[in-house]
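Q: this one's structure only:
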């Protein structure tokens with residue numbers, strides 16, 4: 001009847017309002033059914049998910065997997081799919097000249113579904129000796145526009161950090177111009193006001209509905225909080241216009257103080273992403289599940305945490321209700337959706353979590369990835385038999 005039946009797990013599918021002990025049936029590369037007590041007879045394989053969370057495959061909106069070209073690059077399947085992330089967005093490591101290598105050697109070769117944001121600078125993020133926007137000659141709008149037409153490129157990326165002698169608003173305006181001509185959004189990396197050369201308000205004022213501010217909870221000067229710890233009015237105004245806030249933890253863009261004060265004032269992230277790369281992989285990020293855990297610790301309800309790493313990024317990508325090259329809608333477990341599933345364990349105990357300043361807080365719960373299915377195929381941290389899940 002089914003190729004795979006996932007039985008007995010706590011299914012959390014925020015898009016469909018599901019949070020209950022249910023079974024998930026998979027036929028081919030699509031979700032066939034979700035419900036209680038689905039018959040196991042005839043299923044080619046049964047996964048026992050008792051005691052586990054069963055969620056849509058996690059979507060990480062900000063990673064750097066241009067391995068072998070960018071100094072930030074890590075390997076997609078080892079660091080994403082093996083940790084429950086079935087779809088990832090490469091957030092600007094490649095520019096127009098380096099994008100072909102990302103497409104051929106990473107996106108086309110990985111089991112993880114990888115999409116891209118094209119860096120407005122044609123070199124992309126190759127090394128850290130020179131920032132890609134320190135010289136305005138690295139921006140070729142016509143070249144970027146031509147490459148950005150590709151359907152697997154979801155939008156443009158501009159890092160408003162180390163932008164050279166010009167204020168950040170000039171390369172930002174050029175990135176927005178290209179994004180407007182290709183009818184795609186822009187993701188903007190916000191750094192310190194000192195390094196941007198302009199206050200945050202000047203950056204936010206240019207953004208359009210659907211554009212994304214990434215690294216929204218960093219603790220550097222000129223962040224989203226004013227000198228008194230209140231969320232800046234310009235942030236609220238941009239949010240009301242339809243700008244989205246993305247976490248992108250990374251090695252230097254998340255502090256407990258900024259995040260806690262913002263959440264206490266009701267400024268929750270639209271999407272939770274990891275900014276996983278060479279310098280954040282071992283610590284403090286580890287994986288997307290660990291970043292999700294930090295927001296669970298900060299008081300964000302579990303279904304909302306899962307939504308911010310599944311349904312919300314899928315909606316921004318335009319793939320919650322249509323097929324991409326992922327062969328089915330993503331971000332939920334509705335019938336006909338891509339059979340992308342993350343199995344997680346919600347552990348209880350005492351878990352030390354670090355921010356980018358080295359501050360540690362101890363959480364009482366932790367989301368730990370167990371395994372994932374991509375297009376209905378099991379991919380995990382080890383053989384399925386060792387995980388104690390698979391019965392035939």
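A: That came in fine, so what should we check first? Since the structure is predicted, the reported quantities are computational estimates derived from the model, not experimental observations.
Q: buried ones in stretch 58-73?
A: The neighbour-count check on stretch 58-73 (16 or more other CB atoms under 10 Å) flags 58-67, 69-70, 72-73 as buried. Every residue, glycine included, has its C-beta placed from N, CA and C.
Q: list the contacts of the nearest residue to residue 86 once chain neighbours are set aside.
A: In this structure, residue 86 finds its nearest non-sequential neighbour in residue 57, 2.9 Å apart by CB to CB, 6 or more residues apart in numbering. Residue 57 is in contact with 84-87, 310, 330, 338, 340-342, 372-374, counting by CB atoms under 8 Å, 6 or more residues apart in numbering.
Q: please parse the chain into its domains.
A: Per automatic domain parsing, the domain ranges recorded for the chain read 4-55+335-391, 57-317.
Q: now, of these, which is deepest in the fold?
A: Comparing the domains of the chain by mean neighbour count (mean count of other CB atoms under 10 Å), domain 57-317 comes out on top with a mean of 21.
Q: just the endpoints, please. Distance across that domain?
A: Using CA to CA, to the nearest Å, one end of domain 57-317 lies 15 Å from the other.
Q: give the rounded mean pLDDT of the longest helix seen in the chain.
A: Across the chain, the longest stretch assigned as helix under DSSP state H is helix 169-182. Mean pLDDT, helix 169-182: 95.
Q: again, but for stretch 82-95
A: What stretch 82-95 shows for mean pLDDT is 98.
Q: contacting residues for residue 106?
A: By CB under 8 Å, 6+ apart, residue 106 lies in contact with 65-67, 76, 90, 114.
Q: could you look up the SS state of it?
A: Per DSSP: H, G, I helix; E, B strand; the rest coil, the local secondary structure of residue 106 is helix.
Q: work out the gap between the helix or strand where residue 187 lies and the centre of the chain.
A: Per DSSP states H and E: residue 187 is located in strand 186-190. Averaging C-alpha positions (CA atoms, centre = their mean, to the nearest Å) puts strand 186-190 14 Å from its chain's average.
Q: residue 203 touches residue 172, doesn't it?
A: Yes - assessed by CB atoms under 8 Å, residue 203 is found in contact with residue 172 at 6.2 Å.
Q: so what sits against both of these two?
A: In contact with both residue 203 and residue 172: 160, 188, using CB under 8 Å, 6+ apart.
Q: and the nearest residue to residue 332 once chain neighbours are set aside, how far is that from residue 5?
A: Nearest residue to residue 332, sequence neighbours excluded (CB to CB, 6+ apart): residue 15, at 3.9 Å. Counting by CB to CB, to the nearest Å, the separation of residue 15 from residue 5 is 21 Å.
Q: what about the residue lying farthest from the centre of the chain, which helix or strand?
A: Most distant from the centre of the chain: residue 41, at 36.9 Å, with distances by CA atoms, centre = their mean. Under DSSP H and E, no helix or strand contains residue 41.
Q: can you pull the pLDDT of the nearest residue to it once chain neighbours are set aside?
A: Excluding the flanking residues, the one nearest residue 41 by CB to CB, 6+ apart is residue 1, at 7.0 Å. With respect to pLDDT, residue 1 scores 82.
Q: wait, doesn't residue 1 sit right on residue 33?
A: No - using CB under 8 Å, residue 1 makes no contact with residue 33, being 9.6 Å away.
Q: check contacts around the closest residue to residue 174 other than its chain neighbours.
A: What sits nearest to residue 174 in space, not counting adjacent residues and going by CB to CB, 6+ apart, is residue 139, at 5.5 Å. Counting by CB under 8 Å, 6+ apart, residue 139 makes contact with 120-122, 133, 171, 174-175.
Q: 6 Å instead?
A: 120-121, 174 (CB atoms under 6 Å, 6 or more residues apart in numbering).
Q: residue 343 now?
A: Counted by CB under 6 Å, 6+ apart, residue 343 has contacts 49, 52, 54, 370-371.
Q: sec struct for the residue nearest to residue 302 when sequence neighbours are not counted, please.
A: Leaving aside its chain neighbours, residue 302 sits nearest to residue 296 (6.2 Å; criterion: CB to CB, 6+ apart). In three-state terms, and counting by three-state DSSP, residue 296 is helix.
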